Every structure is written in C-alpha cells, then in structure tokens.
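Engineer: Mind looking at a prediction? Sequence and model below.
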Amino acid sequence: MGKAQKYVLLGDATYPLQDWILKPYQEDENLTQRQLQFNYRLKRAHSVIENAFLRLKARWQILLKCDDCSLELLPTLVLACCILHNVCEAHDNPFNEEWLEGTEPIELPKPCQPAPAAMEDNRAEQVRELMCQYFESCGEG
C-alpha cells in the first residue's frame, strides 16, 4: 500500500474505529462502490476467521469444556490447541466433518449500540482508506 501498516483486528459496527480496529462503513445508500467493496472484503475475512475457530473447537473439543480447568492453565491450554491445530492443518491431517456436530457457532453477546463517535480515532480513517485503495487495486475477489 506504499505505507507500512501495523496489524489490525477486525471489528463490527459496534466497535469504535481505531487505527488497530478495522470496522465496516456504516451501511446506507451513500456508500461508494469502493466502500461497499471494503465492507464485502471485511465480511469475507470475518467469515474465514469464524470458520477457523469453528474447526479449532471441533478438532480440540476440550476447548468447549474449559470450565473444569483452572484459570491459570487456560491460556496454555488454548495456545497448545492452536499450535497443534496449525500443525495438523499444515500437514494436511484430515479434518473429520463429523467433529462439527458437537460444535455449533456460539453467538457471544455484543454491545447493542454502536460506539460513540467520540471514541473513534481520526487517524483510523486514513488506515481504512488505505485498505480501500489496496482492495480496489487487487480487483474483485
């Protein structure tokens, strides 16, 4: 993009726009084609992330029952499962679709109202605009 960028997290409309949290443009009839494409790409990326977490929980179902382990052990347990999951995925270890039967996506509670505009970072709009330009230069996909 011609400018070094930090890593960013993906958020939805309820999060404040920050230079480290990308969120979609507010949906209305005034969005440009570029902004619509940005929102579409963000939504696609979010679905990839959801699918990855679903596969992680399906492969390592101990993550569904972490309520019986100590809080001190929990970060290590999650990290170990992530590492082992990535090793399995990298080595084409077969994923058994039947594992998904015990893991349905859980809708976690989210804020009902969008974050107040005062919480948004003005510099973040520059990051979002750079991403829009990048997505536009990549073409459809």
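Structural biologist: Sure thing, it's come through.

Engineer: Tell me how many other residues crowd residue 72.
Structural biologist: By the measure other CB atoms under 10 Å, the count of residues near residue 72 is 7. Heads up, the C-betas are built off the backbone N, CA and C, glycines and all.

Engineer: For it, give me its contacts.
Structural biologist: For residue 72, no contacting residues are found, by CB atoms under 8 Å, 6 or more residues apart in numbering.

Engineer: Using the three-state scheme, assign it.
Structural biologist: Assigned by DSSP: H, G, I helix; E, B strand; the rest coil, the conformation of residue 72 is coil.

Engineer: quick one, phi psi at it?
Structural biologist: phi -70, psi -30 (degrees, to the nearest 10).

Engineer: same check, this time on residue 52
Structural biologist: Dihedral angles for residue 52 - degrees, to the nearest 10 - are phi -60, psi -40.

Engineer: Against residue 121, how distant is it?
Structural biologist: From residue 52 across to residue 121, the span is 28 Å (CB to CB, to the nearest Å).

Engineer: cool, residue 133 as well?
Structural biologist: Counting by CB to CB, the separation of residue 133 from residue 121 is 19 Å.

Engineer: Would you agree residue 132 is in contact with residue 37?
Structural biologist: Yes: with contact defined as CB atoms under 8 Å, residue 132 and residue 37 form a contacting pair (7.4 Å).

Engineer: residue boundaries of the helices in this structure?
Structural biologist: Using DSSP state H, the helices found in the chain span residues 33-59, 74-90, 122-138.

Engineer: could you dump those to TSV with mean neighbour count?
Structural biologist: Shown next, in TSV, are the helices of the chain (neighbours: other CB atoms under 10 Å):
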stretch	mean neighbour count
helix 33-59	15
helix 74-90	13
helix 122-138	14
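
Engineer: give me the low-pLDDT residue ranges for the chain?
Structural biologist: 1-3, 66-67, 102, 104-114, 116-117, 139-141 (pLDDT under 70).

Engineer: rerun that using 80 as the cut-off
Structural biologist: Within the chain, the stretches with pLDDT under 80 are 1-6, 64-69, 102-120, 122, 138-141.

Engineer: Many thanks, I have nothing further to ask.
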